[in-house]
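Chemist: pasting the structure only:
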């Protein structure tokens with residue numbers, strides 16, 4: 001579940017939504033033209049990019065997601081190249097155990113030039129040339145390499 005959300009647009013998209021704490025049930029209320037649909041669309045853009053493996057749009061997102069055992073922090077800063085293509089400026093994925101006072105552990109640390117997963121350099125031209133770390137190909141290769149066998153077992157178990 002998304003527990004907090006922040007978005008700031010860049011270039012021609014000057015929208016900025018302050019960090020919002022979310023719960024199981026949320027009601028978004030506002031006057032006509034106040035940005036309710038735009039707010040929801042920025043969240044849907046993230047989910048669409050993850051589900052369909054599409055490159056993220058330009059802008060800055062910060063999400064906190066809570067699962068059964070962990071709290072994840074995802075930050076993404078995307079811009080545009082001179083040729084108009086989307087470019088990843090910075091992407092971070094961190095996690096910590098729910099309810100713990102420990103610091104977040106870096107899982108992914110990526111810029112347009114570098115890519116580290118669990119502290120290991122995973123530089124590959126296909127990684128920086130294409131969308132987000134969540135593309136279908138990388139989801140399989142990154143999330144299931146060592147030492148993530150434990151991660152795989154904790155988060156991707158088949159239930160009948």
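Modeler: Thanks, I have it. Everything numeric here is computed off the predicted structure, so don't read it as measured data.

Chemist: list the buried ones in the longest helix seen in the chain?
Modeler: Among the segments of the chain that qualify as a helix by DSSP state H, the longest is helix 36-52. For helix 36-52, the neighbour count (16 or more other CB atoms under 10 Å) marks 39, 42-43, 45-46, 49-50 as buried. C-beta here means a position set from N, CA and C on the backbone, and glycine is covered the same way.

Chemist: what lines up beside whatever helix or strand comes next after that helix in the sheet?
Modeler: Using DSSP states H and E, the next helix or strand after helix 36-52 towards the C-terminus is strand 59-66. For strand 59-66, sheet partners with direction are given as strand 2-8 (antiparallel), strand 70-80 (antiparallel), following DSSP bridges.

Chemist: follow-up on the earlier one: what's the offset of the longest helix of the chain from the middle of its chain?
Modeler: Relative to its chain's centre, helix 36-52 lies at 11 Å (CA atoms, centre = their mean, to the nearest Å).

Chemist: Now do the same for it: mean pLDDT, whole number.
Modeler: When pLDDT is averaged along helix 36-52, the result is 84.

Chemist: helices and strands around it, which ones?
Modeler: With contacts taken as 3 or more CB pairs under 8 Å, 6 or more residues apart in numbering; DSSP states H and E, helix 36-52 sits against strand 2-8, strand 59-66.
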